[in-house]
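Undergrad: Below are the sequence and a predicted model; questions follow.
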Amino acid sequence: MQMNAVKRPMTHTPPVRQKISMWQRWQELARYRDLLYYMVVRELKGRYKSSVLGFVWSLLNPLLMMLVFTVIFTLIMPNNQIQAYPIFLLCGLLPWNYFTSGVLSSVGSVIGNSNLVKKVYFPREILPISAVLAQLINFLLSLLVIFVLLIVFRIPLSPQLWLLPVVIVMQTCFIIGVSLFLSAINVYYRDTTMILDVVLMAWFFLTPVFYPIDILPKAYEAFGLVLDVHRLMNILNPMASIVNTYRDILYLGTYTSGDFFLRTAVTSVVVMLMGYWVFNKVSGNFGEEL
């Protein structure tokens, strides 16, 4: 007698991602560029959904923050040593906002798309990278405010302005590296977001966003050693180096040291590669953790 086989419902199991080289991962990411584009557009639409002004907020937000800081530091706490303080401030505030918004929007990107991660196969790094690229578009729009203020304050454009796109790419690499690392860690340790809020607040005050680095002591003696505070600030704090580079190009119009610029660029690339390596090292287990 022939037994009838019991028909079981077919289920779709995403293929297990094999270990591949870094170059192969980049090639795979390039093949999914249409998905990356879709995710960036979705991120932007979600950000301004049901908003009356839409993308105009990319211009209004930095202007409103500039007004608050300008009132505080020019009227309540006047500092006559900083000329054209609104431009000085925005050269630090806009890159900082780009950094924080990129990191905060990407840290929960994997968890927020858990259903997609568990059902469909695609390079998981698309999720945090798309969140960063969406913030990049907002950052580029907000930069228009600086150029308008340069005209208002009659400050000539710097001959080093051609370096601005390089600095933007450099900072984007840094943010992607940090975002990949934190979004991967957040899958396993959900307290990452809470800790990150405190870290970013402390990081903000340790970065010369609203104050010049010159107000810090040039040297500080600790345990019998004389430390160069300005140098350590730029070496240990990549965002300080990035902010100072924007300020050199847009506000001061001075020549950016080749060694300083190269060191900042190398740091950004190294952070991106390390974050990408960590993300791909643990991303194979995302489905189980989610």
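TA: Sure, I can see it.

Undergrad: mind listing the helices for the chain?
TA: Applying DSSP state H to the chain gives helices spanning 22-31, 33-47, 57-70, 85-107, 109-112, 114-119, 126-152, 164-188, 192-205, 229-236, 238-247, 258-282, 286-289.

Undergrad: Including distance to residue 219, could the ones you listed go into JSON lines?
TA: Just so you know, the C-beta spots here come from the backbone N, C-alpha and C atoms, and that holds for glycine as well. Compiled in JSON lines, the helices of the chain are given as follows (distance: least, Cβ to Cβ, whole Å):
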{"stretch": "helix 22-31", "distance to residue 219": "41"}
{"stretch": "helix 33-47", "distance to residue 219": "45"}
{"stretch": "helix 57-70", "distance to residue 219": "29"}
{"stretch": "helix 85-107", "distance to residue 219": "23"}
{"stretch": "helix 109-112", "distance to residue 219": "42"}
{"stretch": "helix 114-119", "distance to residue 219": "50"}
{"stretch": "helix 126-152", "distance to residue 219": "33"}
{"stretch": "helix 164-188", "distance to residue 219": "28"}
{"stretch": "helix 192-205", "distance to residue 219": "21"}
{"stretch": "helix 229-236", "distance to residue 219": "6"}
{"stretch": "helix 238-247", "distance to residue 219": "17"}
{"stretch": "helix 258-282", "distance to residue 219": "19"}
{"stretch": "helix 286-289", "distance to residue 219": "47"}
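
Undergrad: would CSV of those helices with distance to residue 217, mean neighbour count and mean pLDDT be doable?
TA: Converted to CSV, these look like this (distance: least, Cβ to Cβ, whole Å; neighbours: other Cβ atoms under 10 Å; pLDDT from 0 to 100):
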stretch, distance to residue 217, mean neighbour count, mean pLDDT
helix 22-31, 42, 12, 82
helix 33-47, 41, 15, 86
helix 57-70, 23, 16, 77
helix 85-107, 20, 23, 92
helix 109-112, 40, 20, 90
helix 114-119, 48, 14, 85
helix 126-152, 30, 20, 91
helix 164-188, 27, 22, 95
helix 192-205, 16, 13, 92
helix 229-236, 6, 15, 79
helix 238-247, 15, 24, 92
helix 258-282, 20, 17, 90
helix 286-289, 46, 14, 77
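
Undergrad: got a list of what residue 180 touches?
TA: Applying Cβ atoms under 8 Å, 6 or more residues apart in numbering, we find residue 180 in contact with 125, 128, 129, 272, 275, 276, 278, 279.

Undergrad: Tell me which two of these sit farthest apart.
TA: The distance between the two most remote of the contacts of residue 180 (Cβ to Cβ) is 14.1 Å, for 129 and 278.

Undergrad: Residue 216: which of the helices of the chain is closest?
TA: Here helix 229-236 is closest among these (Cβ to Cβ), at 5.2 Å.

Undergrad: what's that closest one in contact with?
TA: Here helix 229-236 makes contact (Cβ under 8 Å, 6+ apart) with 206, 208, 213, 216-220, 240-241, 244, 260, 263-264.

Undergrad: Same question for stretch 139-158.
TA: Contacts for stretch 139-158 (Cβ under 8 Å, 6+ apart): 55, 58-59, 61-63, 66, 84, 86-87, 90-91, 94-95, 97-98, 168, 249-254.

Undergrad: that older thread, rebuild the contacts of residue 180 as TSV, extending it with distance to residue 183.
TA: TSV is the format used below for the contacts of residue 180 (distance: Cβ to Cβ, whole Å):
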residue	distance to residue 183
125	9
128	4
129	10
272	13
275	9
276	11
278	10
279	7
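
Undergrad: quick one: which of those residues is nearest residue 37?
TA: The closest of the contacts of residue 180, once distances to residue 37 are taken by Cβ to Cβ, is residue 129, at 11.4 Å.
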